[in-house]
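>>> Sequence unavailable; structure follows:
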């Protein structure tokens, strides 16, 4: 059922149905072939905790390459019995992740848009239903898809710097967050906060994000790593099996909804993104970003 | 499918399916014929913002005439390209709207009850799924149906006077809020606050309403208009299309539920309201209100 | 449809479908036969309010006997026109209820597990959909099934002592709260708080429980009874019929879900609980409790 040529190694984890069909050794070698070193993975085997550090400057945007590497890295850890939890953080100053890479959505073929969108879905399905404990250590701004990564973890710690903001700001760009971004958001902050924030395309400064429940905790930047480890320890104190079944019970309805409508969601995306008006506004936005940098 | 003889001009807006079937000019002329001047509509074409002022003393009750005028006015604005947002407020001191007009539910024919209920449904369907930005500037008390009008907007600002209260107090009158009142309430304040407030038929003073999330903001009375305009500006800064699709995504499930069960809901209402015990308690309540005034 | 030999007198109350099939007099006499005096029921006929005091030392655990007596007592009150509300509290110091009795889940037959689980379901179905006003006066700790009893009431008052804690801590024991425990929890505290608390198996000290919305109010121990009566008075001021229909509207979806999957849920439970690994960890937990006491 998986789309030909797209992320052939990123099968759905057991939590939502299918087991990996590739032997780990083949996976590993292919993984290395895929790796573009956009993500640094460090595994502390003693603790059973991995850290995935996003290091794709300038802004850790979620390109097709980044997403592919993310999925493969996550699957490797998921299948590694030595690993029970993952901390996600950024190696790029001031930014956690800027979200979906707009260059993947601009002036490309329909096939490319479809491939890209399947990779975004895959990333979310794997992360939101991971059997591991997932902690986001948000050490910079995290708009749109970057926010989705954080929302899909079990716990979110953010640096208390009010210059760092987080939110699903798609509406600001003239586009609409997909229903499963919305479902993940509603599950975290409730219907009303989500309705208002999504319609306004709000980027919430860290203190406001904390007040709204978008992140669970704020810490000074120098305490972030330490706090993430402490939180992880607390979650790992629970028996894995009971914790995993509980997580699955809480998230299954929303995961199942995308699984049931996955191809439809791809078609919606490519139809929408290929519209002349959307292409025009995305290109303008990209030009603006380039000028800002220049 | 629309009930014969009832609100023939209030078709469902595009957001939930059908486009208007009457040419605007005919609509306009018929609208004038229907108008009873219970609502003052002012459109600032420069800003693209209309204000709908309820001026049906003594308490802006939602009579069949009021609801008909409300729907026609809203449809006119919805179809007017010069209008992107509406502010709802009251021209009657101390009251926003007292809710459904009890005289429409007392000692009338089954046909009348059905016509009235369809008008209430129509009002909510149009308002809750309006493509325009809708801001409630609540400058007085707002029980029952008046609260529903506020809850159906995108944003609620209330005068901070603790003498003004708001809530779905139907249970106090021995009646039950319909499921779509409840759904709208739950979408705003969450399940637990709604459960408690609906069972107790609570009218929340403004500060409590704000604490519970029933209104978004409190302001002194003299700042209300200014604040409503500022909020409107902020919401209108977003591209209409993205904002409208996002709003529809958030509200569709609840709107669809009434659309799917509309006639059933009418039958439930007329069966319930025509019961001798309910008629008796509504008439007693009406007598009590008359004595209070006298 | 009710399982043979199990709680033959605990029929579903009218709120979710079936009326009692036994004449009250027979019920009463059988009830006395069943009664193990684990619960003290006092009815103030003047006020129309009963108090159910749990007096099953050392920890008011929900054994099959306790649950049977609970259901019969509740049905008696439900069918008693003189009774409109029930206050639940504990006669055992420092504990409200410790939850499901682990001895019922350890080293017993499959038939016993099934009988026990049907009694747990029956207790929740009756309590969560009771037509009476139900107030939990939580005067001690209340883990797991004890927390469920409190969550299933209309209102929760807890003694403000931070040594008393409450929560669905099943995950700590290596087991998973059933979906209807989870649904009841989500309806009370929202999705995110429930997700985090269930995964961590958290027991929240009273002040934290109040902050999270798990309980509605905190009072000093000496004020608990007085406050429970005052809250009851406030809820009883509403017309019963409107309040009952409103309650049913709020809770029906979650009640219907268990009713529709009741036997499936029994099978899930007995399959899970009979697993060697689960039996082993429950027995270890029980040994630990015994040593603590000794």
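Ah, there it is. Fair warning: this is a prediction, and the values are worked out from it, not measured in the lab.
>>> same for the helix ranked longest in chain A, what does it pack against?
For chain A, the helix that runs over the most residues, judged by DSSP state H, is helix A:240-260. The helices and strands touching helix A:240-260, judged by 3 or more C-beta pairs under 8 Å, 6 or more residues apart in numbering or on different chains; DSSP states H and E, are helix A:110-128, helix A:179-189, helix C:179-189, helix C:191-200. No exception for glycine: its C-beta is placed from N, CA and C like everyone else's.
>>> where does the stretch 151-294 of chain A dip in pLDDT?
A:293-294 (pLDDT under 70).
>>> Can you tell me which residues in it are near chain B?
Proximity of the stretch 151-294 of chain A to chain B (C-beta under 8 Å from any C-beta of the partner chain) is limited to residues A:170-177, A:179, A:182, A:190-192, A:194-196, A:198-201, A:281.
>>> ok, which of the residues you listed also contact chain C?
With C-beta under 8 Å from any C-beta as the criterion, those include residue A:190 near chain C.
>>> What residues does the stretch 101-250 of chain A have near chain C?
Counting by C-beta under 8 Å from any C-beta, the stretch 101-250 of chain A sits next to chain C at A:154-155, A:186-190, A:213, A:216, A:234-235, A:238-239, A:241-243, A:245-247, A:249-250.
>>> Run the angle between the longest helix of chain A and helix A:110-128 for me.
Compare the direction of helix A:240-260 with that of helix A:110-128 by axes from the mean of the first three to the mean of the last three C-alpha atoms, to 10 degrees and you get 160 degrees.
>>> Any chance you could list what contacts helix A:240-260?
A:12, A:15-17, A:84, A:121, A:124-125, A:128-129, A:131, A:133, A:154, A:179-180, A:183-184, A:187, A:235, A:265, C:170-171, C:173-177, C:179, C:182, C:191, C:194-195, C:198-199, C:201 (C-beta atoms under 8 Å, 6 or more residues apart in numbering or on different chains).
>>> Show the subsequent helix or strand relative to that helix.
helix A:262-273 (DSSP states H and E).
>>> Give me the number of neighbouring residues for residue A:220.
By other C-beta atoms under 10 Å in any protein chain shown, the residues close to residue A:220 number 10.
>>> pretty sure it is touching residue A:158, no?
No - Residue A:220 lies out of contact with residue A:158 (C-beta atoms under 8 Å); the separation is 11.0 Å.
>>> on that earlier part again, just the buried residues from the residues of the stretch 151-294 of chain A next to chain B, in ChimeraX please.
Remark: buried members of those, expressed as a ChimeraX selection using 16 or more other C-beta atoms under 10 Å in any protein chain shown:
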select /A:170,171,172,173,174,175,176,177,179,182,190,191,192,194,195,196,198,199,200,201,281
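>>> If you count neighbours, what's buried in stretch A:52-67?
Quick answer for stretch A:52-67 (16+ other C-beta under 10 Å): A:52-54, A:56, A:59-67.
>>> Can you show me the helices along chain A?
A:24-34, A:64-78, A:110-128, A:144-151, A:179-189, A:191-200, A:206-212, A:224-236, A:240-260, A:262-273, A:276-293.
>>> Go through these and pick out the most buried.
Greatest average neighbour count among the helices of chain A goes to helix A:144-151 (a mean of 26), per mean count of other C-beta atoms under 10 Å in any protein chain shown.
>>> ok so, going back, can you redo the helices of chain A as CSV with distance to residue B:166?
Shown next, in CSV, are the helices of chain A (distance: least, C-beta to C-beta, whole Å):
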stretch, distance to residue B:166
helix A:24-34, 57
helix A:64-78, 46
helix A:110-128, 37
helix A:144-151, 32
helix A:179-189, 23
helix A:191-200, 15
helix A:206-212, 23
helix A:224-236, 40
helix A:240-260, 32
helix A:262-273, 38
helix A:276-293, 39
